[in-house]
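Colleague: can't give you the sequence, but here's the structure:
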């Protein structure tokens with residue numbers, strides 16, 4: 001039996017987003033590697049304490065949905081998680097694009113500090129995360145706690 005792989009494009013993914021039961025707002029972005037991706041999030045204003053920003057990329061016809069989960073309290077934004085789950089989608093600028101979007105939202109909401117934690121299961125992943133957050137200017141306390149003051 002010959003199983004044909006399902007090929008897709010960003011345009012097809014946008015169609016899926018628009019047909020979703022949720023009300024999303026989306027736009028195209030370009031990663032640091034000049035790859036065209038779609039950033040989307042819920043349009044609903046009631047979600048003031050929690051925001052999930054999604055990034056949809058397509059590599060060799062395979063879609064990849066990645067996300068950053070953020071929490072807001074007062075003038076602080078906490079990074080709960082940045083998810084780029086599949087190895088083949090790492091080092092493509094997806095995490096960088098997501099964090100930039102998160103920091104843009106933080107500035108729009110008047111956030112003064114950004115916090116979070118490094119969560120990892122091995123030394124290689126830890127080293128990647130430290131490098132990732134430091135390039136954005138984060139301080140790392142006690143090897144796990146993230147802190148960034150916004151101007």
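Modeller: Sure, I can see it. The shown structure was predicted, so the numbers you read here are calculated from the model rather than taken from an experiment. Numbers count the residues shown, from 1 in each chain.

Colleague: Residue 114 contacts residue 150, doesn't it?
Modeller: Yes. Applying CB atoms under 8 Å as the test, residue 114 and residue 150 come out as touching, 6.6 Å apart. For glycine as for every other residue, the C-beta is placed from the backbone atoms N, C-alpha and C.

Colleague: Need the overlap of contacts for those two.
Modeller: Residues touching both residue 114 and residue 150 (CB atoms under 8 Å, 6 or more residues apart in numbering): 103, 106.

Colleague: So the two - more neighbours on which side?
Modeller: residue 114 (23 against 14; other CB atoms under 10 Å).

Colleague: Contact partners for the more buried one?
Modeller: The neighbourhood of residue 114, defined by CB under 8 Å, 6+ apart, consists of 76-79, 103, 106, 138, 146-148, 150.

Colleague: how about a cut-off of 6 Å?
Modeller: When contacts are counted by CB atoms under 6 Å, 6 or more residues apart in numbering, residue 114 touches 77, 148.

Colleague: And it, which helix or strand is it part of?
Modeller: Residue 114 is part of strand 113-117, with elements assigned from DSSP states H and E.

Colleague: show me the contacts for residue 93.
Modeller: 31-33.

Colleague: thought residue 66 was touching residue 55?
Modeller: Yes. Between residue 66 and residue 55 there is a contact under CB atoms under 6 Å: 4.6 Å.

Colleague: ok, which stretches of this protein are strands?
Modeller: Assigned by DSSP state E, the chain shows strands spanning 24-30, 36-42, 50-59, 62-73, 76-83, 113-117, 139-141, 145-149.

Colleague: Walk me through which strands the shortest one pairs with, and which way each runs.
Modeller: Just to be clear, that refers to strand 139-141. Using DSSP bridges, the strands paired with strand 139-141 in its sheet are strand 145-149 (antiparallel).

Colleague: now the second one
Modeller: Pairing partners of strand 36-42, with direction, according to DSSP bridges: strand 24-30 (antiparallel), strand 50-59 (antiparallel).

Colleague: Tell me which of the ones you listed lies nearest to residue 118.
Modeller: Closest approach to residue 118 among the strands paired with strand 36-42 is made by strand 50-59 (19.6 Å; CB to CB).

Colleague: and for the closest one, what are the contacting residues?
Modeller: So strand 50-59 is contacted by 8, 10, 13, 37-41, 64-71, 94, 97-98, 101 (CB under 6 Å, 6+ apart).
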